[in-house]
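Novice: Sequence first, predicted model second:
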Amino acid sequence: MLFIIRDLRSARHAKTAKYMAEKTFEQQTNISKKCKIAEKDKADKGVSGNELYKDLNPTQWPIVYSPNYNISFFYLQKLHPFDSEKWGRTVGLLLDSGVLKNENFIAPVEASEKHLLEVHTQEYLDSLKWSWKVAAVTEVPPVALLPNFIVQRVLLKPLRLQTGGTVLAGKLAVDRGWAINVGGGFHHCRGDDGGGFCAYADITLSIHFLFKNVQSISKAMIIDLDAHQGNGHERDFIDNPDVYIMDVYNSGIYPRDVYAKRAIKKKVELRHGTDDATYLALVESNIKEALSEFHPDIIIYNAGTDVLEGDPLGNLAVTEQGIIQRDELVFKSAREKNIPIFMVTSGGYQKRTAKVVADSILNLYNKGLITSSCPELQSGL
Ligand SMILES: [Zn+2]
């Protein structure tokens, strides 16, 4: 009997998911009509030129990805706990689900030195021309032994492409209300230095370009839920009243940056082994408080999945379902307040991470929190 009830429940669940998917598909059929209005609105939002900004074509969703995100050479991926092909694996799973097709993704433009200099010092960018420095930033010691032209091509170029992806996601969130960069989230990198596998300050750069190129955006909120403290963007925006930072992290692990903590407006420090119930309750109540204290024009969500139980670096105990619920909660909070949101995937160091990220994106889709159509909040921007 119990099995029958469970089966009925799961059948009902599948039916609901199917209904939601169909409903979303119906909404998609209005893409071109709605998005033409959005194009017209763009002038009001004051989006000006930037080589990293692109418009979506009618088949594309605001999901940014390029196969060139992935780092795979000389077994480098085996020298670091970081799964350097997780971005491709995530997209593979999204394609397998049948919800997304290749033509639905938008490819970014690689951030060039000219773009990077908007927030980085010349001295720091020049230092990356030394392989030993790149080895230190990425925490892969053997990289120090490679000629720098190889390091640039196979390691830094994909990271610059992901950085361009985060900048593009910021612009697409303004256009569509939401966007996801399948990569990015290098939250330990700041304008004058990198670290913790973060070579470029993509979060800082995306906010910098939004403030510079989009008239309607002058206040931003960073919600950083990676297991580690986001000390890079914190140091970049320290004492900046236009950027509100909420950071929920394990205080017992890297980077323990006391100076950067000054920049956090909503700080939640977790203990080793924090579980779903504690974690989700803290995230929910603190997002609520953050959004009542500050009214941003845009939210950048650093959705690290290294909070997952068993992660060797995060040291927390959040389950896959907990992460899915967390991401849903963040998108729901933004939607309730009509604030555009863009997500970057940041840390997550296990082989099963890609599946968690893909399942979470599919859940956002099934819940109607992301759709390929232009959402109603366009008019509210
Ligand atoms: Zn992390």
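Specialist: Received it, and whenever you're ready, just let me know what you need.

Novice: Just the CA atoms of stretch 327-335, as PDB, please.
Specialist: Listed next in PDB are the C-alpha coordinates belonging to stretch 327-335 (Å, rounded to 0.1, in the frame of the first residue of the first chain):
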ATOM      1  CA  ASP A 327      19.200  28.000  -5.400                       C
ATOM      2  CA  GLU A 328      15.400  28.000  -5.700                       C
ATOM      3  CA  LEU A 329      15.200  30.100  -2.500                       C
ATOM      4  CA  VAL A 330      17.600  32.700  -3.900                       C
ATOM      5  CA  PHE A 331      15.900  32.900  -7.300                       C
ATOM      6  CA  LYS A 332      12.500  33.100  -5.600                       C
ATOM      7  CA  SER A 333      13.600  36.000  -3.400                       C
ATOM      8  CA  ALA A 334      14.900  37.900  -6.400                       C
ATOM      9  CA  ARG A 335      11.700  37.200  -8.400                       C
END
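
Novice: which residues are contacting that stretch?
Specialist: Residues outside stretch 327-335 that contact it (Cβ atoms under 8 Å, 6 or more residues apart in numbering) are 177-178, 223, 225, 280, 283-284, 287-288, 291, 299, 301, 303, 340-341, 343, 360, 363-364, 367, 369-370, 377. C-beta coordinates here come from the backbone N, C-alpha and C atoms, glycine included.

Novice: In that stretch, which residues are buried?
Specialist: Residues of stretch 327-335 classed as buried by neighbour count (16 or more other Cβ atoms under 10 Å): 327-331, 333-335.

Novice: mind listing what T166 touches?
Specialist: Applying Cβ under 8 Å, 6+ apart, the residues contacting T166 are 64, 181, 183-185, 202-203, 205-206, 342, 344.

Novice: one more time with 7 Å
Specialist: 181, 184, 202-203, 206, 344 (Cβ atoms under 7 Å, 6 or more residues apart in numbering).

Novice: what does V91 give?
Specialist: 65, 105, 182.

Novice: picking up where we left off before, restricted to helices, list the buried residues of stretch 327-335.
Specialist: Judged by DSSP state H, the buried residues of stretch 327-335 include 327-331, 333-335 as members of helices.

Novice: Just the closest of those to the ion, please.
Specialist: Distance to the ion across those (Cβ to the ion) is lowest for D327, with 15.5 Å.

Novice: if I look at the closest one, how far off is W61?
Specialist: Distance, D327 to W61, by Cβ to Cβ, to the nearest Å: 16 Å.

Novice: what does Y69 give?
Specialist: 17 Å.

Novice: and the nearest residue to P147 once chain neighbours are set aside, how many neighbours does it have?
Specialist: Closest residue to P147 apart from its sequence neighbours, by Cβ to Cβ, 6 or more residues apart in numbering: S131 at 7.2 Å. By the measure other Cβ atoms under 10 Å, the count of residues near S131 is 20.

Novice: before we move on, the earlier item: adding secondary structure and pLDDT, write the contacts of T166 out as TSV.
Specialist: TSV is the format used below for the contacts of T166 (DSSP: H, G, I helix; E, B strand; the rest coil; pLDDT from 0 to 100):
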residue	secondary structure	pLDDT
N181	strand	98
G184	coil	98
D202	helix	98
I203	helix	98
S206	helix	98
V344	strand	98
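
Novice: Report pLDDT for P255.
Specialist: On pLDDT, P255 comes in at 97.

Novice: ok, it touching G232?
Specialist: No: the criterion here is Cβ atoms under 7 Å, and P255 misses it with G232 at 9.0 Å.

Novice: the more surrounded of the two?
Specialist: Per other Cβ under 10 Å, whichever of P255 and G232 has more neighbours is G232, with 28 against 17.

Novice: May I have the phi/psi pair for that one?
Specialist: The phi/psi pair for G232 (degrees, to the nearest 10) reads phi -70, psi -60.

Novice: where's it relative to the ion, distance?
Specialist: With distances taken as Cβ to the ion, to the nearest Å, G232 is found 11 Å from the ion.

Novice: same question, M246
Specialist: Per Cβ to the ion, M246 is found 16 Å from the ion.

Novice: Over to V356?
Specialist: Applying Cβ to the ion, the value for V356 to the ion is 14 Å.

Novice: for that residue, helix, strand, or coil?
Specialist: The three-state assignment at V356 reads helix, by DSSP: H, G, I helix; E, B strand; the rest coil.
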